[in-house]
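Engineer: how would this look folded up:
(one chain, ligands or ions: 1)
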Amino acid sequence: MARPKIERPDFGGPFPEHIAVIMDGNGRWARGQGLRRVLGHSEGVHSVREITTECARMGVKSLTLYAFSVENFKRPKAEVGFLMRLLSKFLVDERPTLMNNGVRLRAIGRLEELPKNALAALRETERLTERNDGMLLRLALAYGARAELADGLRRFARDLAAGRVREQDIDDETLRGYLYDPHTPDPDLLIRTAGELRVSNFLLWQISYSEIYVAKECWPQFRRPQLLAALEDYARRVRKFGGLVNDAPAPKPDTTRSGMRAR
Ligand code: FPP
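Structural biologist: Okay, the predicted model is just below:
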């Protein structure tokens, strides 16, 4: 089946290759509708489907969704169980949509902490989609950035002790190699929904220079128009990565006596 043509919106500025999303506000959305909190998660699945499909069709290279944090295991057992069943169902039901849009699915996190059936569904969906050459959809599951750094440090300590890495070789790139998925470039744009101004232990290393966009809408309300608003905002950003905007030579310092006095 032919894949839909890439149609990238043009807002006259940069377009993000990697978007990461903190999907927040499911519970608040449900409460606002007079529904049980967990029904916000069910509704959130529709946003996951729409945003994944839209991003794939716009030519985004990677989309990382924060679907379940290590800290989320502290929620009531019934909510954790509900989320895990929803995840297992999503991983099976979405296979045709992922295939039709050429999306490759991969997960990051302490995946061994997921229930057996969710992990099995995940591994099977990863396997079925691994040859797709369109967008990479990364689900952060049982994920925490501090846990990722701790897990990486443990592997690093083992490599150091075994002489596979030497102290003098350590730099940013060596450390990156110990993250869960080191070959996916850092997010250009980090979106958080429901108006909260926090990064909540998400991709702490990788978002060092990401542009942040906070949407007021709760995740179940975050659809194509809200995504376009985020992309339009991103197109106006000037990314400097700690440097300067352009390579224009700096004005010569005024070293004349009067110039020195004026400073
Ligand atoms: C935060 O909302 C959201 C989560 C903890 C889970 C995100 C899950 C989904 C969007 C649905 C399932 C996803 C997949 C991929 C199957 P919250 O409950 O913390 O909202 P609140 O802050 O309003 O309480």
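Engineer: CA atoms for contacts and neighbours, from now on please.
Structural biologist: Will do.
Engineer: what does the average pLDDT come to for the helix or strand harbouring residue 147?
Structural biologist: Under the criterion of DSSP states H and E, residue 147 resides in helix 145-161. Here helix 145-161 scores 97 as its mean pLDDT.
Engineer: what's that helix in contact with?
Structural biologist: With C-alpha atoms under 8 Å, 6 or more residues apart in numbering as the test, helix 145-161 has contacts from 109, 165-167, 178-180, 201-205.
Engineer: any idea how far residue 217 is from residue 121?
Structural biologist: 30 Å (C-alpha to C-alpha, to the nearest Å).
Engineer: and the residue of the stretch 151-263 of the chain found nearest the ligand, what does it touch?
Structural biologist: Closest residue of the stretch 151-263 of the chain to the ligand, C-alpha to the nearest ligand atom: residue 219 (6.7 Å). Contact analysis of residue 219 by C-alpha under 8 Å, 6+ apart lists 23-26, 29, 44, 47, 193-194.
Engineer: what ranges do the strands span in the protein?
Structural biologist: 18-22, 62-69, 104-108, 136-143, 189-192, 211-214 (DSSP state E).
Engineer: Could you tell me the angle between the first one and strand 62-69?
Structural biologist: Taking axes from the mean of the first three to the mean of the last three C-alpha atoms, to 10 degrees, strand 18-22 and strand 62-69 form an angle of 20 degrees between their directions.
Engineer: for strand 18-22, packing partners?
Structural biologist: Packing partners of strand 18-22 (3 or more C-alpha pairs under 8 Å, 6 or more residues apart in numbering; DSSP states H and E): strand 62-69, strand 189-192.
Engineer: now residue 165: how far from residue 205?
Structural biologist: Taking C-alpha to C-alpha as the measure, residue 165 and residue 205 are separated by 20 Å.
Engineer: Tell me which two of the contacts of residue 219 sit farthest apart.
Structural biologist: Greatest spatial distance among the contacts of residue 219 (C-alpha to C-alpha): 47 and 194, at 13.5 Å.
Engineer: Which phi and psi values does the closest residue to residue 50 other than its chain neighbours adopt?
Structural biologist: The spatially closest residue to residue 50, leaving aside those adjacent along the chain, is residue 223, at 6.5 Å (C-alpha to C-alpha, 6 or more residues apart in numbering). Main-chain dihedrals, residue 223, degrees, to the nearest 10: phi -130, psi -160.
Engineer: Can you get me a residue count around residue 223?
Structural biologist: 17 (other C-alpha atoms under 10 Å).
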